[in-house]
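Enquirer: with the input below, show me the fold.
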Amino acid sequence: MNLNEYVEQVVDGFIREITDNVFLFIEQDKERMKEYMTNINRFEVDTVNKAIGLKIKERLSLENDGENKSPKSRLIKVYTYHKVK
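Expert: Numbers count the residues shown, from 1 in each chain. Prediction:
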């Protein structure tokens with residue numbers, strides 16, 4: 001595998017699993033996690049998680065490409081993969 005192929009593979013994998021990565025980002029940041037907990041207490045957890053997922057898709061103009069029912073993040077039970085362009 002040459003460097004370009006490797007870089008493409010890394011970036012494509014990150015984009016495909018970006019929703020899980022965003023939730024891991026929340027988990028790993030004390031202030032973001034505190035605000036996340038505040039929001040799930042104000043709204044339902046599904047409402048908050050869906051809003052985050054939709055914003056990721058909208059902001060990055062991504063298309064759905066199936067589901068992953070084994071996320072790394074503890075904050076979600078399932079997430080949508082995204083197509084790599």
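Enquirer: from now on I want contacts and neighbour counts done on CA atoms only, so please keep to that.
Expert: Will do.
Enquirer: now do the strands in this protein.
Expert: For the chain, the strands defined by DSSP state E cover 64-68, 79-82.
Enquirer: and those, which is most packed in?
Expert: strand 79-82 (a mean of 20; mean count of other Cα atoms under 10 Å).
Enquirer: distance between that one and the chain's centre?
Expert: Centre-to-centre, strand 79-82 and its host chain are 8 Å apart (Cα atoms, centre = their mean, to the nearest Å).
Enquirer: put the alpha carbons of that strand into PDB.
Expert: This file holds the C-alpha atoms of strand 79-82, laid out as PDB (Å, rounded to 0.1, in the frame of the first residue of the first chain):
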ATOM      1  CA  TYR A  79     -25.300   4.800  14.600                       C
ATOM      2  CA  THR A  80     -25.400   5.300  10.900                       C
ATOM      3  CA  TYR A  81     -22.400   4.700   8.700                       C
ATOM      4  CA  HIS A  82     -21.800   7.400   6.000                       C
END
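Enquirer: next, the buried residues of the helix ranked longest in the chain.
Expert: Secondary structure of the chain per DSSP state H: the longest helix is helix 45-60. By 16 or more other Cα atoms under 10 Å, the buried positions in helix 45-60 come out as V45, V48, N49, G53, K57.
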